[in-house]
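# next come a sequence and a model predicted from it.
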Amino acid sequence: MTSDPDPTREPPDRGGSPGSGLGEPRDHELWEAHADWWIEGFTEGADPEYVEQILPLAAAELDGFDRVLDIGCGDGQISRLLATAGSRVVGVDPTWNQIRVAHERGGGAVFARSAAAELPFPDESFDAVVACLVFEHIDDVDGAIADVARVLRPGGQFSFFLNHPLLQTPGSGWIDDHTVDPPEQYWRIGPYLVEQDSVEQVEQGVFIRFVHRPLSRYLNALADHGLVLERMVEPAPPDGFLDRAYEYAEAAAIPRLLYLRLRRT
């Protein structure tokens, strides 16, 4: 998203695929309407967090897998990356405007329109599944996780990228406290334990719906479906993001991304 030079406000959320919203019809319409915003702002090298952090991590974590499913693939940038490395990749997204661009950009992957909780594939079809910043826009989280487990072969890997559920909670952000002497600046945590959805203006005229859930909500649902945590990564924001505004240097120790590697038992 666009840089926010005000250190008293939370740095903007990293954009998930506009095809990942699987909620109310109005929510899906928002993603269809704002597909260009996401494509222009987060693909083809436009976003330093994808270029410097997400794409290298995805490439390393999914290296060597044959059949890979990319859920909420958007324009297909992760799908293309993995296909170039030799994987057979299918990218799915429920937003026509994303699938159209993914087809146009090609890159060796196959793309189809599908919701995350209604995957049109047989059981145990894939060696690995990746979902990058999409579950923040999914209402039926239990259905989507169940379908991830269903299409994964035993021993298969689920690579799960999230905006950090704790430190990027709605209402989180920098606080300048001038009631103490000397004044203090600290990172406020929002109502972390409250599962809630909100529609946020992420750019002038662009409104996107987000669903916040505590990390335990995800991990327990994953475990219920035989997806067991194997690795957890909380990387610091990359230099390209911190360089967008000098105030962002204060956020160098506040992770924006959470990555979970899970294994289907």
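Okay, I see it.
# residues near Asp239, how many?
Counted with other CB atoms under 10 Å, residues neighbouring Asp239 total 11. No exception for glycine: its C-beta is placed from N, CA and C like everyone else's.
# I misspoke; the intended subject was Gly86.
Counted by other CB under 10 Å, the residues lying close to Gly86 total 12.
# ok, the one 3 residues further on next?
Each residue near Val89 was counted by other CB under 10 Å, and the total is 30.
# dump the residue contacts of it.
Counting by CB atoms under 8 Å, 6 or more residues apart in numbering, Val89 makes contact with Val68, Leu69, Asp70, Ser79, Leu82, Ala83, Gly108, Ala109, Val110.
# now, which of those sits nearest Asp142?
Among these, Leu69 lies closest to Asp142 (CB to CB), at 18.4 Å.
# just confirm the closest one is within a strand.
Yes. Judged by DSSP: H, G, I helix; E, B strand; the rest coil, Leu69 forms part of a strand.
# settle this for me: it is touching Glu124, isn't it.
No. Judged on CB atoms under 8 Å, Leu69 makes no contact with Glu124 at a distance of 11.6 Å.
# of these two, which one has the most company?
Leu69 (26 against 15).
# what's the PyMOL line that selects buried ones from the contacts of Val89?
Filtering the contacts of Val89 down to the buried ones (16 or more other CB atoms under 10 Å) takes a single PyMOL command:
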select buried, resi 68+69+70+79+82+83+109
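# possible to save the contacts of Val89 as a markdown table with distance to Trp96 and pLDDT?
Below are the contacts of Val89 laid out as a markdown table (distance: CB to CB, whole Å; pLDDT from 0 to 100):
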| residue | distance to Trp96 | pLDDT |
| --- | --- | --- |
| Val68 | 23 | 98 |
| Leu69 | 19 | 98 |
| Asp70 | 17 | 98 |
| Ser79 | 17 | 98 |
| Leu82 | 23 | 98 |
| Ala83 | 21 | 98 |
| Gly108 | 21 | 96 |
| Ala109 | 17 | 98 |
| Val110 | 16 | 98 |
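# identify the farthest-apart pair in the contacts of Val89.
Among these, the pair separated by the greatest distance (CB to CB) is Leu69 and Gly108, at 14.8 Å.
# number of nearby residues for the nearest residue to His225 once chain neighbours are set aside?
Using CB to CB, 6 or more residues apart in numbering and skipping the chain neighbours, the partner closest in space to His225 is Ala149 (3.9 Å). Neighbours of Ala149 under the rule other CB under 10 Å: 22.
# quick one, whatever helix or strand Ala149 lives in and strand 67-71 angle?
Using DSSP states H and E, Ala149 maps to helix 141-151. Helix 141-151 runs at 170 degrees relative to strand 67-71, counting by axes from the mean of the first three to the mean of the last three CA atoms, to 10 degrees.
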